[in-house]
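Undergrad: dropping a prediction and its sequence here:
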Amino acid sequence: MRIGPHAFTGDLLLAPMAGVSERPFRLLALELGAALCPTELVSAAGLVRATSRTRKYLRHAEIERPFCLQLFGGDPDLMARAAVIAREAGADILDVNMGCPVPKVTKGGAGAALLCDPPRAAAVVRAVRAAGLPVTAKIRSGWDARHPNAIEVARALEDAGVAAIALHPRTRAQGYSGAADWERIAAVKAAVRVPVIGNGDVRSGEDARRMRAETGCDAVMIGRAALGNPWIFREASGGPPPSPEERRALVARHFRDHLAFVAEEGFRSAIPAAVRQFRKHLTWYARGLAGAAVFRARAVRIEDPAELLATIDEFFGKSQPARETGEPEIDLRGALG
Ligand SMILES: Cc1cc2nc3c(=O)[nH]c(=O)nc-3n(C[C@H](O)[C@H](O)[C@H](O)COP(=O)(O)O)c2cc1C
């Protein structure tokens, strides 16, 4: 797959996920075989106002290059200004969010609201392109079931010079419910010449292969199935699942990297918050392992980083899948936003 001047050897992407796709997790996914890991959605207005909260999203590692930053905003002029700031901060590819269903985002004409106005969506892409970087867009299949206009939107974006289109084939109204309609991915792929990245309900390497075969998409983007399981990228390329020791080492490293990432902001007081933020990752990493419920109940009460690290080492060091011990697996997918 190519995105502008950037050629990728792999064809798996980590989906942008708010509160998840931070630098430490992106690096793990890259090492395990993801070809590209965009940031979570970043507010164009926040970038232009230069809030410290927004600037933190610009931080990335050299080995992430090409570094892809996802912007959201509904106003072409504001998006153009944010695109220049992102380029100067080191972004190599800019992705425009046209799928976020959250009212706070859509009220301002951003996210999935752009699907309702294809000419404005195209104007946003043109405005962002003026910064001189390749621009991609992540869309949904439409605003609601009465307006399934992904093909119209994709064509308008192609005319505006978009370098690739990622499609999550649910409508804004569906949120994350129901099944992703992969036939929509095939339809958009057939309608445009730019690369199409398929997304939605890929839960295994086998699903990724099936999505490529059934839709003809150029690459596959994986979101929720990578939560607590960045090894999915390796498994999708025929590699092995993690051993208990590998899992322990990765969870411990993720936790340490997360603390360091937060500490870089210079607020020591942020460490307790970082410990609390990491609990969701621990819940995901423990999913399906024997004793997960007891581990979670214990881990969510720990405030001290050293104590949590010791607890991580102890639990994940000898962890086994629940199905091998007869303990029921708990599916937490429904607990996600
Ligand atoms: C916790 C969470 C946060 C998300 N944040 C974003 C985001 O910042 N930008 C975006 O384009 N999509 C976001 N999404 C949507 C995902 O990128 C993806 O399109 C969706 O989860 C479907 O793919 P999946 O079935 O592989 O999870 C988010 C999804 C989840 C679960």
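TA: Yes, it's here.
Undergrad: get me the contact residues on this structure for the ligand.
TA: By Cβ under 6 Å from any ligand atom, the residues of the chain that approach the ligand are 15-18, 20, 40-41, 70, 97, 99-100, 138, 168, 199-202, 222-225, 336-337. The way it works is simple: take the backbone N, C-alpha and C, and place the C-beta from them, glycine included.
Undergrad: where does the protein get nearest to the ligand, which residue?
TA: Residue of the chain nearest the ligand, by Cβ to the nearest ligand atom: Gly223 (2.7 Å).
Undergrad: correct me, but that residue touches Leu13?
TA: No - with contacts counted by Cβ atoms under 8 Å, Gly223 stays clear of Leu13, the gap being 9.5 Å.
Undergrad: neighbour-wise, which of those two wins?
TA: Ranked by neighbour count (other Cβ atoms under 10 Å), Gly223 and Leu13 place Leu13 first, with 27 against 20.
Undergrad: which of the three states applies to the more buried one?
TA: Judged by DSSP: H, G, I helix; E, B strand; the rest coil, the three-state class of Leu13 is strand.
Undergrad: which strand residues bridge it?
TA: Leu13 has the following beta-bridge partners by DSSP bridges: Leu36, Met221.
Undergrad: what's the pLDDT at it?
TA: You'll see Leu13 listed with a pLDDT of 98.
Undergrad: wouldn't it be in contact with Gly198 here?
TA: No - applying Cβ under 8 Å as the test, Leu13 and Gly198 come out as separate, 9.9 Å apart.
Undergrad: how far away is the closest residue to the residue of the chain closest to the ligand other than its chain neighbours from Leu30?
TA: Excluding its sequence neighbours, the residue lying closest to Gly223 (Cβ to Cβ, 6 or more residues apart in numbering) is Ala15, at 3.3 Å. Here the criterion is Cβ to Cβ, to the nearest Å. By it, Ala15 lies 14 Å from Leu30.
Undergrad: what do Leu13 and Gly198 both touch?
TA: Shared contacts of Leu13 and Gly198, defined by Cβ atoms under 8 Å, 6 or more residues apart in numbering, are found at 166, 219-221.
Undergrad: make TSV out of those and add pLDDT.
TA: Shown next, in TSV, are the shared contacts of Leu13 and Gly198 (pLDDT from 0 to 100):
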residue	pLDDT
Ala166	99
Ala219	98
Val220	98
Met221	98
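Undergrad: closest one of the residues you listed to Pro242?
TA: Val220 (20.6 Å; Cβ to Cβ).
Undergrad: spatially, what comes nearest to the closest one if we skip its sequence neighbours?
TA: Ala208 (4.5 Å).
Undergrad: just Ala260 next, same as before
TA: Counting by Cβ to Cβ, 6+ apart, the nearest residue to Ala260 once its immediate chain neighbours are dropped is Pro24, at 8.0 Å.
Undergrad: what strand or helix carries the one you found?
TA: Here Pro24 sits within helix 23-31, counting by DSSP states H and E.
Undergrad: name every strand pairing with the helix or strand that that helix is followed by and say which way it goes.
TA: As assigned by DSSP H and E, the chain's next helix or strand after helix 23-31 is strand 41-43. In the sheet, strand 41-43 lines up against strand 68-72 (parallel) (DSSP bridges).
Undergrad: kindly list the longest helix within this structure.
TA: helix 244-263 (DSSP state H).
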